[in-house]
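Novice: how would this look folded up:
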Amino acid sequence: MVIPDDALDPQALSRLWERQWPGCPPVAHWLRGHYPDRWIRFHSLPESKRYPDDEAEYAIVLNRHHTVLSELDPGSDLLVITTEWTNTPALTPQRWPRRSEVAPRAQHWQTLIEEPGDDPEFRTYTQLYAETRRWGPGVIDAVLRAVANDEISNVLLSPVDLRWLYHPYDGGADVVLPTPTERDALKNRHRAWLSTHPLGL
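Specialist: Below is the predicted model of the structure:
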């Protein structure tokens, strides 16, 4: 179930983000570098396979995401942040039309410039959208399947207080927890889903 986001306050969400995650804008692939002591990565298929080939493998992908998200316990509502990229500050979709299909009710939250040093004529603008959804079975499956297929990226899932962050990507998920102790406990519960890479990638 989707909660109407008429009351979603972009400025309040920005203030909350800055309080919870200081020094790191809401760019999913930056989180690991900013919070390495609270970060963990899980792979979404056995033997670190990147993309599912059939419904049986999609079921594994979704089950792993659901398992971790349920253990993290977002509460009654899940914050869903999706991303679009444009060549100008305007909100006209340029690269990922699938985003508006799987998150049609999301409201524009903010515009970021990930590389401010780029030539202004060739600059890429990151457009962030936010919505809340009533947490429950299947509520986020369309988003997770689109991520698994590399149809959308830079997705962030979180409880509405932003106490933890969950970044699904095509191949797995990055999780950033409030403390290293909580990170270690989650890691120990799902060691079979970890990478064998020495850096955990």
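Novice: identify the residues contacting the closest residue to Arg183 other than its chain neighbours.
Specialist: In space, not counting the residues next to it along the chain, Arg183 is nearest to Leu177; the distance is 4.3 Å by Cβ to Cβ, 6 or more residues apart in numbering. Where C-beta positions appear, they are placed from N, C-alpha and C, glycine not excepted. Contact partners of Leu177, counting by Cβ atoms under 8 Å, 6 or more residues apart in numbering, are 38, 40, 164, 183, 186.
Novice: the first one: how many residues sit nearby?
Specialist: The tally of other residues near Arg38 (other Cβ atoms under 10 Å) stands at 20.
Novice: can you check the fourth one too?
Specialist: As a burial measure, the neighbour count of Arg183 was computed by other Cβ under 10 Å and equals 20.
Novice: if we can go back for a sec, return the subset of the contacts of Leu177 lying in helices.
Specialist: The members of the contacts of Leu177 that map onto helices under DSSP state H are 183, 186.
Novice: next one: His34 from Leu177, what distance?
Specialist: Here the criterion is Cβ to Cβ, to the nearest Å. By it, His34 lies 13 Å from Leu177.
Novice: elements contacting the helix or strand of the chain with the lowest mean pLDDT?
Specialist: Within the chain, no helix or strand scores below helix 98-102, which has a mean of 91 by mean pLDDT, DSSP states H and E. Applying 3 or more Cβ pairs under 8 Å, 6 or more residues apart in numbering; DSSP states H and E, one finds that helix 98-102 makes contact with strand 77-86, helix 141-148.
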